[in-house]
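Enquirer: next one to model:
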Amino acid sequence: MPEWSVGKHLTYMDQAGITKCLLSLSSPHFYYGDRNETVSLGQQVDEYAAMLKREYPDRFLFAASLPVPEMDAAIRAVDVAYDELGADAVKLPTNADGLYPGDAHYDSLFERLNERQAVVFFIQPRQSVT
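Expert: Down below sits the predicted model:
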């Protein structure tokens, strides 16, 4: 994983003339078969991004990282992301544990995202996550 820091990122933004950016966890998605680890990592990433958005409200937005394919946890993460953390969007992988967004497994999550009129974007994992 490349090294990242707030200071370096803000410097780059200034040099490139970027006034605001949307933070999101890069590929690959963080599901490797351990439910608890997936949920915990998603929470940590979202809380860190929310902190940066609070510290630099004129510079950062963020997209919540949902712990799919753990649907109950992902739905809770949507609620926390929007109600408590101030998320601006969510991101989903195009494949998590062999499940693709068109799978019925995702129906309840997409219902919740639709209720919230969420902005959703998808990332293609760099490696197979099955």
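
Enquirer: residues contacting Arg63?
Expert: Not quite, residue 63 is Ala, not Arg. Contacts of Ala63 were listed using C-beta atoms under 8 Å, 6 or more residues apart in numbering, and they are 22-24, 49, 87-91, 119, 121. From N, CA and C alone the C-beta is placed, and that goes for glycine too.

Enquirer: weed out the non-buried ones from these.
Expert: 23-24, 49, 87-91 (16 or more other C-beta atoms under 10 Å).

Enquirer: now stretch 41-60: buried residues?
Expert: 41-43, 45-46, 49-50, 52-53, 56, 59-60.

Enquirer: give me the residues contacting it.
Expert: Residues outside stretch 41-60 that contact it (C-beta under 8 Å, 6+ apart): 6, 10, 13, 19-25, 30, 61-67, 73, 77, 80-81, 85-87.

Enquirer: count the residues that sit near the nearest residue to Leu23 once chain neighbours are set aside.
Expert: Spatial nearest neighbour of Leu23, chain neighbours left out: Phe62 (4.3 Å); criterion: C-beta to C-beta, 6 or more residues apart in numbering. Using other C-beta atoms under 10 Å, Phe62 is surrounded by 26 other residues.

Enquirer: next SSE downstream of the host helix or strand of Phe62?
Expert: With secondary structure defined by DSSP states H and E, Phe62 is part of strand 60-65. Sequence-wise, the next helix or strand downstream of strand 60-65 (DSSP H and E) is helix 71-80.
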